[in-house]
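*Asks:* Okay, predicted coordinates and the sequence, questions at the end:
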Amino acid sequence: MTTYVATLRRLIRVYPGLAFGSLIFGLLCLIALCAPLVAPMDPGFVDVRQRAQGPSWGHLFGTDMLGRDLFARVVYGARLSLSVGIAVACVATVVGAVIGLLAGYNRAADAVLMRIMDGVMAIPSILLAVALMALSTGSVGNVIVAISISGVPRIARLVRASVLSLREAVFVEAVIGGGVGTGRIIFRHILPNAAAPIIVDATYLCAGAMLSEAVLCFIGAGTPPTVPSWGNIMAEGRTLWMVKPHMVAFPALMLSIAILSVNMIGDGLRDLLDPRAGRRN
Amino acid sequence: MIQYVLRRLLTTIPVMLTVALIVFSILYFSPGDPAALIAGETASAEDVARVRHALGLDEPFLIRFGGWLWAVMRGDLGTSLFANMPVSTMIAQRLEPTLSLMAVTMVFSVLIAVPIGVWAAWRKNGVFDRTVMLIAVLGFSIPVFACGYAGAWLFSLKLGWLPVQGYKPLSDGLWPWFRQLILPAAALGSSYVALIARITRASMLETLDQDYIRTARAKGLRDGKILFVHALKNASVPIITLIGIGVAMLIGGAVVTESVFVIPGIGRLTAESILRRDFPVIQGIVLFFSFVYVLVNLLIDLVYALVDPRIRY
Amino acid sequence: MTQDIQPLLSVRDLRVSLPGADGAREILHGIDFDLNPHEILALVGESGSGKSVTALTLMGLLPAGAAQVSGSVRLNGRELIGVSPEEMRQIRGQGMAMIFQEPMTSLNPLLKIGYQLQEALCAHADLDRVTAREQALELLRKVRIPDPERRLDNYPHHFSGGMRQRVMIAMALAGRPRILIADEPTTALDVTIQAEILELIRDLQREEGMAVLFITHDMGVVAETADRTMVMYHGRAVESGPTATIFAAPQAEYTRALLAAVPRLGEMGAHDGPQRFRHILGDTGVAVPRQKVAQGQPILSVRNLVKRFDIKSGIFGRVSGRVHAIDDVSFDLMPGETLALVGESGCGKSTTGRAIARLIEADGGAVTLDGFDALTLRGADLRRMRRSVQMIFQDPYASLNPRIRVGAALCEAFVVNRLGTVAQARDKAAHLLTRVGLSPDVAARFPHEFSGGQRQRIAVARALMLDPRVIVADEAVSALDVSVKAQVSNLLMDLQDETGVGYLFISHDMAVVERIAHRVAVMYSGRIVEIGPRASVFGQPSHPYTQRLLAAVPVPDPARRDRPRHIVPIQTRSPIRAPDYSAQPLRYRQIAPGHLVEETSIAEFACV
């Protein structure tokens, strides 16, 4: 037990960014999970008498043009932002890893899959998501799928490259020479050694997805206004921002903090997992 | 060298075809029936069917794709459902602001970011390095909205130094044009600068560790020469790559920046078309930007060949 | 050493600390030496002895700020410790110049050779373009690079390793340095190229009147080049003196052990069969004659093996040529026998080993291994065949999965192949770890906790887990320090005695091969040019290439330094052929029992 505490202390000392980012991200997740407790007000409750109010004790972040409590909306917006970020990171990583493995191990699959990946990569990711969202209804699931699709090629390329180089690694050849089957080689020898950059990239994907989600909602291609999202809160406040800056300031601030925390985790993980750093306990 | 250029040109063809296929599918699977729209609300089912046949909309997927591709190659991107105008004309009308914004952002970002990254790598773990890298994480994380609104609030509303919104064409003069673009470009470029500074530092650090840098020092060369002739040239390939990849980020960011600063460019056209569900325009924009992106990366690949003699086969 | 000579470089109580995992660690514990004008001084030692750190300290090339240096370094009476970075920069290249181990990475790949030379010239003198170019040309001539005018405008990737090292030397000469520091300048090179570079350094030292500080781990190179020698061990100088004295009468125990571990080419003479290395560090014992090889059915039989790699070029990837990596290779290996496959880099020896182990697919020929038709098996049969042939690789740091414990790595193939239960696998692993000289407890540890030599022992144990009939040892001891090399070689020989395994011992190190091999096959440009019993091949090398190869090996005996050598630089034969090229059939002539020489290739050497 004490060794865990000591390890944790050492981690905090050596990788303060990772610790700080994790702390902030954990807090945000906690807020999102316990949204009803943190913000007891209903984010959808319209109070026409309280329209466009500045921050006050009654409304910490003020109210929007319909008189809805912005604090409640921003807190509930965290749910959408974080869940989209995490879900996209998971979906894109799993799908990308499968495609990358297939491409790395099968020449025919490689030719077809990687051409498709090149094509998807050539479309700027937000535009691809915009186009996909234009086709579908603005549900959370569709947002996740639309953003994931543009994240897949990045992971697929990374996994494919790792597979191709690790297949040639001496220790893998030694295992092949021992008569060990391909499946075991992939899952016991190649994937664990390729994991570090994939995890780091998945973290950056999570941050990118949160940004994409906000952009989609901001330009009206995301979730409908009934589902509060940092993006559509800003979009609604946009017309009045010069006189009521709080309407865009708070969601923008929260979005920045959320993305910053995830990027700090990504940077920390990269330093921690980088084999060249040579720091391992 | 010529062979390399030709080969590189040839490899972009399948990429562009795949892009075209994906973009075409987006319109193909889009909801709503263009035939019904064109035939009008009072048209009978037979009228709609006739229109559909006349437009070739009842042909199989691949034939329609072929026809569409042929049209695209002649510059015909279809007609807007909302404005009843050729999509290519709409894009052309909106091209200048977007290109201006992206060009200004790119040029200044690279000019600022690369020296910062080089200096940070040279004085690794020093005060400058630590500060800059901290700012870089911030710049990298703060989205365009936040930078844009905060900058406009501070420099335009409070200090009144710069115009708040809008765009002035280049024909109004260089300085008015540039002055209008300072804030949007800064907002759009903040993450781009951060990204390039980070990769420059990382790439320089890796290069400075190489054996040939030790050789250069052993020769008794001056630091400046080692840094800029030996190290930066070798470190430039990942930097150039990222500059190219970052163009996708700029394109995405332009959509937001143009909305924030009310710039009448392609980004705003995108947002408007989304609200109007104007699928042909969205399709045209995606295709156009993808084409630009592929071209930029093609150029980048050709720059490699200039930097690295080993690529010239 | 006489008193009246003023030493050019004088080092006193040099201590260096470098930052380690936990705080600064002292790497050099106070060393003293003098370097006199016109002298070649060798610093010799194994890895971790601090010899390279010494060189980098003298040049002021240690990472700035991180390293703590104390003591005194005087160049021509001028103290160098504590001078400003700018003063140190002026000394580098002019007072002292340095060449490095890795010629492939020590030149900037993006700049022309001519530019890099001119830059070195201009760093210390105010030269105009034309003069600089002329002087650069002169430097290239000095290091005997053919066609220097054209070469000046080439990039480093147009040069071979040996040529790049010549360019490095030319660059070092640019500032007319008083001292040349050469840090393992020939370690990464083939033995014939090494001989050429050593000769060049000796000649230039004489012509330019430089002093040379020669850093190496190779006692043979020391004996061939150095006037005086200093032996280093763990950051201390254990012994120094004239090279001849050190070799004839080593004082320190470490020097004696080091010299004992060094194999000397030719010392086996007509002795038949392999011999263990003399024991090292305290252990007594002399060469023990080993068992005779069993006669009868070969365990491995290779016939007309061919492997080609396509070279694609042009826009559509047309096959424009083929690398004939293995060209019609045939040999047999008996149970309990060691056949050494020797040759220089690129000769196809490793490819041959990998094709036999089915890590790559051969393009033709037949391999019979333990009764299997080894080249055509697929699926489960292939996996069964793989048990009969195991490989040991060169780099002990790369051959173990860093994320898997040693025990699991050993047991994996045994369990996957269902050769027994997990418990049996563990028992066997424990037994083999003991056998290779490690404690069975190490099974619970990760590879990064072991030294290179220990890892190589683990790799040997892993290979033996499957009771193979043949082990392909691809440069298995080449990356190891001298003493560890001897230990692991002895271990391999002992294991052969016990298990009757046959070794295909792939190596470029002729001296080790002489010790370990029953028979030797010399490869050149994808073909076996000479094959036969070791004593016969080494005693009367009959192919001109074999003769060249043997003559180039440095002999760790200063007394034999002036022996006649016939190392004529040759244009190496490129193994690249047109796609429609069909090889001429090889013709072997028997010159002694079992000793064959290939005749068609002799002509390639005759014309040079």
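*Replies:* In hand now; what should we look at?
*Asks:* low-confidence ranges in the stretch 101-250 of chain A?
*Replies:* Applying pLDDT under 70 to the stretch 101-250 of chain A picks out no residues at all.
*Asks:* any idea what sits nearest whichever residue of it sits closest to chain B, other than its immediate chain neighbours?
*Replies:* When scored by Cβ to the nearest Cβ, the stretch 101-250 of chain A has A:Gly119 as its residue closest to chain B, at 2.6 Å. C-beta: built from backbone N, CA, C; applies to glycine. Excluding the flanking residues, the one nearest A:Gly119 by Cβ to Cβ, 6 or more residues apart in numbering or on different chains is B:Thr18, at 2.6 Å.
*Asks:* Tell me who's in contact with B:Leu9.
*Replies:* B:Leu298 (Cβ atoms under 8 Å, 6 or more residues apart in numbering or on different chains).
*Asks:* and the helix or strand where it lies, what's its mean pLDDT?
*Replies:* Using DSSP states H and E, B:Leu9 maps to helix B:2-28. Mean pLDDT, computed over helix B:2-28, is 83.
*Asks:* all helices of chain A, in order?
*Replies:* Along chain A, counting by DSSP state H, helices occupy A:2-14, A:16-33, A:35-38, A:70-105, A:107-121, A:125-135, A:140-167, A:170-177, A:182-184, A:191-218, A:230-237, A:246-273.
*Asks:* Output the contacting helices and strands for the fourth one.
*Replies:* This points to helix A:70-105. Packing partners of helix A:70-105 (3 or more Cβ pairs under 8 Å, 6 or more residues apart in numbering or on different chains; DSSP states H and E): helix A:16-33, helix A:35-38, helix A:107-121, helix A:140-167, helix A:191-218, helix A:230-237, helix A:246-273.
*Asks:* What is the fourth one packed up against?
*Replies:* With contacts defined as 3+ Cβ pairs under 8 Å, 6+ apart, the packing partners of helix A:140-167 are helix A:70-105, helix A:107-121, helix A:125-135, helix A:191-218.
*Asks:* do the same with the first one
*Replies:* Here helix A:16-33 is seen to pack against helix A:2-14, helix A:70-105, helix A:246-273 when contacts are counted using 3+ Cβ pairs under 8 Å, 6+ apart.
*Asks:* can you check the last one too?
*Replies:* Other elements packing on helix A:246-273 under the criterion 3+ Cβ pairs under 8 Å, 6+ apart are helix A:16-33, helix A:70-105, helix A:191-218, helix A:230-237, helix B:127-141, helix B:144-151.
*Asks:* Put together TSV for those helices, with mean neighbour count on each row.
*Replies:* Formatted as TSV, those follow (neighbours: other Cβ atoms under 10 Å in any protein chain shown):
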stretch	mean neighbour count
helix A:16-33	17
helix A:70-105	23
helix A:191-218	24
helix A:230-237	26
helix B:127-141	17
helix B:144-151	24
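*Asks:* Mind putting those helices into TSV with distance to C:Val442?
*Replies:* Conversion of those to TSV gives the following (distance: least, Cβ to Cβ, whole Å):
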stretch	distance to C:Val442
helix A:16-33	32
helix A:70-105	33
helix A:191-218	21
helix A:230-237	54
helix B:127-141	41
helix B:144-151	55
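*Asks:* thought C:Thr192 was touching C:Pro554?
*Replies:* No. C:Thr192 is beyond contact range of C:Pro554, at 11.4 Å (criterion: Cβ atoms under 8 Å).
*Asks:* check contacts around the residue nearest to the spatial centre of chain A.
*Replies:* Centroid check for chain A by Cα atoms, centre = their mean gives A:Cys206 as the closest residue, at 1.5 Å. Shown in contact with A:Cys206 (Cβ under 8 Å, 6+ apart): A:85-86, A:88-89, A:262.
*Asks:* Burial check on the residue nearest to B:Asp308 when sequence neighbours are not counted, number of neighbours?
*Replies:* Distances taken as Cβ to Cβ, 6+ apart place C:Leu110 nearest to B:Asp308, at 6.0 Å, with adjacent residues excluded. Neighbourhood size, C:Leu110 [other Cβ atoms under 10 Å in any protein chain shown]: 20.
*Asks:* Which residues are in contact with C:Leu110?
*Replies:* Neighbours of C:Leu110 in contact, by Cβ under 8 Å, 6+ apart: B:233-234, B:307-309, C:155.
*Asks:* Does it fall in a helix, a strand, or a coil region?
*Replies:* Secondary structure, DSSP: H, G, I helix; E, B strand; the rest coil: C:Leu110 is coil.
*Asks:* ok, it to chain A distance?
*Replies:* Noted for C:Leu110: a distance of 23 Å to chain A, by Cβ to the nearest Cβ, to the nearest Å.
*Asks:* Look up how far B:Thr200 lies from that residue.
*Replies:* In this view, C:Leu110 and B:Thr200 are 17 Å apart by Cβ to Cβ, to the nearest Å.
*Asks:* can you check C:Leu333 too?
*Replies:* From C:Leu333 to B:Thr200 the distance is 55 Å (Cβ to Cβ).
*Asks:* One more: B:Thr42?
*Replies:* On the measure of Cβ to Cβ, B:Thr42 and B:Thr200 end up 63 Å apart.
*Asks:* With neighbour numbers in mind, choose between those two.
*Replies:* Neighbours around B:Thr42 and B:Thr200, counted as other Cβ under 10 Å, are more numerous at B:Thr200. The numbers are 26 against 6.
*Asks:* Quick check: closest non-adjacent residue to the more buried one.
*Replies:* Spatial nearest neighbour of B:Thr200, excluding adjacent residues (Cβ to Cβ, 6+ apart): B:Gly117 at 2.5 Å.
*Asks:* did I read that right, that neighbour in a helix?
*Replies:* Yes. Counting by three-state DSSP, B:Gly117 is found in a helix.
*Asks:* my guess is it meets B:Arg201, correct?
*Replies:* Yes. At 4.3 Å, B:Gly117 counts as touching B:Arg201 under the criterion of Cβ under 8 Å.
*Asks:* Give me the number of neighbouring residues for B:Asn297.
*Replies:* In terms of burial, B:Asn297 registers 21 neighbours under the definition other Cβ under 10 Å.
*Asks:* Next one: the residue lying closest to A:Pro153 once chain neighbours are set aside from A:Ala92, what distance?
*Replies:* Among residues not flanking A:Pro153 along the chain, A:Met117 sits closest, at 4.0 Å (Cβ to Cβ, 6+ apart). Counting by Cβ to Cβ, the separation of A:Met117 from A:Ala92 is 12 Å.
*Asks:* Quickly list what's touching both of the two.
*Replies:* Residues touching both A:Met117 and A:Ala92 (Cβ under 8 Å, 6+ apart) are A:Val152.
*Asks:* can you give me the end-to-end distance of stretch C:411-424?
*Replies:* End-to-end distance of stretch C:411-424 (Cα to Cα, to the nearest Å): 9 Å.
*Asks:* Redo the helices and strands packed on helix A:70-105 as JSON lines? Include distance to C:Phe450.
*Replies:* Compiled in JSON lines, the helices and strands packed on helix A:70-105 are given as follows (distance: least, Cβ to Cβ, whole Å):
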{"stretch": "helix A:16-33", "distance to C:Phe450": "29"}
{"stretch": "helix A:35-38", "distance to C:Phe450": "52"}
{"stretch": "helix A:107-121", "distance to C:Phe450": "37"}
{"stretch": "helix A:140-167", "distance to C:Phe450": "21"}
{"stretch": "helix A:191-218", "distance to C:Phe450": "18"}
{"stretch": "helix A:230-237", "distance to C:Phe450": "52"}
{"stretch": "helix A:246-273", "distance to C:Phe450": "22"}
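*Asks:* check contacts around the residue nearest to B:Thr200.
*Replies:* Contact analysis of B:Gly117 by Cβ under 8 Å, 6+ apart lists B:196-201, B:203-204, B:239.
*Asks:* ok, longest strand in chain C?
*Replies:* In chain C, with assignment by DSSP state E, the single longest strand is strand C:318-333.
*Asks:* Parallel or antiparallel, which strands does the helix or strand following it pair with?
*Replies:* Toward the C-terminus, strand C:318-333 is succeeded by strand C:338-342 as the next helix or strand (DSSP H and E). Each strand that pairs with strand C:338-342, with its direction, by DSSP bridges: strand C:502-507 (parallel), strand C:519-524 (parallel).
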